[in-house]
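*Asks:* With the input below, show me the fold.
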Amino acid sequence: MNIFIGFDAQKYNHLTILSKFFKNSYEFIDSFYFYTMSVHKEVKKITTHILQEMKAKGEKIAMLTAYDFSMAKMLDDAGIDILLVGDSASNVMAGHETTLPITLDQMIYHAQSVVRAVNRALVVVDLPFGSYQGNTKRALESSIRIMKESGAHAVKLEGGSEVANSVRRILSAGIPVMGHLGLTPQSIYKFGTYTVRAKEEDEANKLKSDATLLEQSGCFALVLEKIPSVLAEQVSKSLHIPTIGIGAGPHTDGQVLVTHDMLGINNEFHPRFLRRYLDIYDQVSVAVKNYNDDVKAGTFPNEKESY
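*Replies:* Sure thing, here's the model as predicted:
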């Protein structure tokens with residue numbers, strides 16, 4: 001019996017093509033379909049719904065940045081829940097001082113590379129500076145490009161009440177949106193400093209109001225960057241959606257770091273909130289020096305490494 005229920009368009013296309021070859025031999029096609037299902041290990045993918053369940057259960061969410069295939073594959077295999085294709089690529093990949101120079105085309109390129117590597121993690125892509133601010137139509141168009149051209153699962157944008165209409169318009173196309181409050185790096189020239197935000201009562205109250213508004217507008221999660229731990233805890237408890245902290249203390253529903261900082265690839269960044277789990281910069285330096293010495297000495301390659 002042939003049952004066409006619960007499979008995606010790609011599988012349907014495969015079955016349709018096969019049916020032309022086997023002239024309605026659906027018995028063969030069903031056998032082929034169930035065989036392919038049996039030989040591929042099912043991986044439970046992280047979705048926005050699963051993130052909501054994790055918050056409800058009190059299970060912490062782990063998020064890291066990724067910009068290329070090889071690193072994304074390692075992070076995904078290690079069990080990271082969310083991979084953020086961050087506009088921080090402007091800093092750590094391209095060497096810019098701020099996140100502002102990176103373009104939408106460049107973000108899509110990085111996102112494509114990450115998506116190809118991922119089997120489990122939710123892939124979220126930053127909307128870069130200039131691709132959404134002050135224009136809901138542009139925000140929607142930029143988000144659609146990211147989703148169509150990269151295959152990512154969601155977008156992220158910075159700001160509160162000033163982007164609420166854009167959030168709603170993006171959601172109208174069925175695109176999940178992650179919010180971002182506190183220190184918003186795309187506004188660095190407005191702030192003039194990377195210091196902790198929302199320490200004063202007025203700014204803290206606005207952040208609380210913006211957090212509620214973003215949730216009501218439909219955001220599935222919210223990044224809280226570099227704000228007092230007490231405030232982050234209050235916001236996290238007031239919302240039904242998960243909060244992801246960076247420099248916001250231990251009481252958010254999850255944490256995010258820039259992978260290059262966490263692994264010590266970037267050895268010039270030492271903020272208080274960063275925990276460095278490796279010192280790859282030093283390890284790579286030693287390895288490259290050893291390779292250089294071996295080449296100069298004529299000891300690489302040796303006979304075993306030659307054909």
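
*Asks:* Tell me the spacing between Tyr132 and Gly159.
*Replies:* Between Tyr132 and Gly159 the computed distance is 9 Å (CB to CB, to the nearest Å). In short, each C-beta sits where N, CA and C put it, glycine included.

*Asks:* residues touching the residue most central in space within the chain, list them.
*Replies:* When CA atoms, centre = their mean is applied to the chain, the residue found nearest the centroid is Leu84 (1.6 Å). Residues near Leu84 by CB atoms under 8 Å, 6 or more residues apart in numbering: Met63, Leu64, Thr65, Ala66, Val124, Val125, Asp126, Lys156, Val256.

*Asks:* so which strand or helix has it?
*Replies:* strand 82-85 (DSSP states H and E).

*Asks:* Rounded mean pLDDT for that strand, please.
*Replies:* Averaging pLDDT along strand 82-85 yields 98.

*Asks:* For whichever helix or strand comes after that strand, which residues meet the burial criterion?
*Replies:* Going down the chain from strand 82-85, the next helix or strand is helix 89-92, by DSSP H and E. For helix 89-92, burial by neighbour count (16 or more other CB atoms under 10 Å) applies to Ala89, Ser90, Asn91, Val92.

*Asks:* Repeat that for stretch 118-131.
*Replies:* The neighbour-count check on stretch 118-131 (16+ other CB under 10 Å) flags Val118, Ala121, Leu122, Val123, Val124, Val125, Asp126, Leu127, Pro128, Phe129, Gly130, Ser131 as buried.

*Asks:* What of stretch 71-80?
*Replies:* Neighbour counts over stretch 71-80 (16+ other CB under 10 Å) mark Met71, Ala72, Lys73, Leu75, Asp76, Ile80 as buried.

*Asks:* got it, and stretch 150-163?
*Replies:* So, applying 16+ other CB under 10 Å, buried residues of stretch 150-163: Ser150, Ala152, His153, Ala154, Val155, Lys156, Leu157, Glu158, Gly159, Gly160, Val163.

*Asks:* Likewise for stretch 205-219?
*Replies:* Buried residues in stretch 205-219, counted by 16+ other CB under 10 Å: Leu207, Lys208, Asp210, Ala211, Leu213, Leu214, Glu215, Ser217, Gly218, Cys219.

*Asks:* for those, which one is nearest Pro271?
*Replies:* Pro271 lies nearest to Leu207 out of the buried residues of stretch 205-219, by CB to CB, at 19.7 Å.

*Asks:* CA atoms only for the helix or strand where that closest one lies, dumped as PDB, please.
*Replies:* Element membership for Leu207 (DSSP H and E) is helix 201-217. Extracted C-alpha coordinates of helix 201-217, given in PDB (Å, rounded to 0.1, in the frame of the first residue of the first chain):
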ATOM      1  CA  GLU A 201      16.900  52.500  36.400                       C
ATOM      2  CA  ASP A 202      15.600  54.200  33.300                       C
ATOM      3  CA  GLU A 203      17.500  52.000  30.900                       C
ATOM      4  CA  ALA A 204      16.800  48.900  32.900                       C
ATOM      5  CA  ASN A 205      13.000  49.600  32.800                       C
ATOM      6  CA  LYS A 206      13.200  50.200  29.100                       C
ATOM      7  CA  LEU A 207      15.000  46.900  28.600                       C
ATOM      8  CA  LYS A 208      12.300  45.100  30.600                       C
ATOM      9  CA  SER A 209       9.600  46.800  28.500                       C
ATOM     10  CA  ASP A 210      11.400  45.900  25.300                       C
ATOM     11  CA  ALA A 211      11.800  42.300  26.300                       C
ATOM     12  CA  THR A 212       8.100  42.000  27.000                       C
ATOM     13  CA  LEU A 213       7.300  43.700  23.700                       C
ATOM     14  CA  LEU A 214       9.600  41.400  21.700                       C
ATOM     15  CA  GLU A 215       8.000  38.400  23.300                       C
ATOM     16  CA  GLN A 216       4.500  39.700  22.400                       C
ATOM     17  CA  SER A 217       5.700  40.500  18.900                       C
END
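
*Asks:* What ranges in the stretch 101-250 of the chain fall below the confidence cut-off?
*Replies:* Within the stretch 101-250 of the chain, no stretch has pLDDT under 70.

*Asks:* where do the strands sit along it?
*Replies:* Counting by DSSP state E, counting those that start in this stretch, the segments of the stretch 101-250 of the chain that form strands are 122-126, 154-156, 177-182, 221-225, 243-246.

*Asks:* want to throw the ones you listed into JSON lines with distance to Tyr277?
*Replies:* JSON lines is the format used below for those (distance: least, CB to CB, whole Å):
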{"stretch": "strand 122-126", "distance to Tyr277": "22"}
{"stretch": "strand 154-156", "distance to Tyr277": "24"}
{"stretch": "strand 177-182", "distance to Tyr277": "24"}
{"stretch": "strand 221-225", "distance to Tyr277": "20"}
{"stretch": "strand 243-246", "distance to Tyr277": "15"}
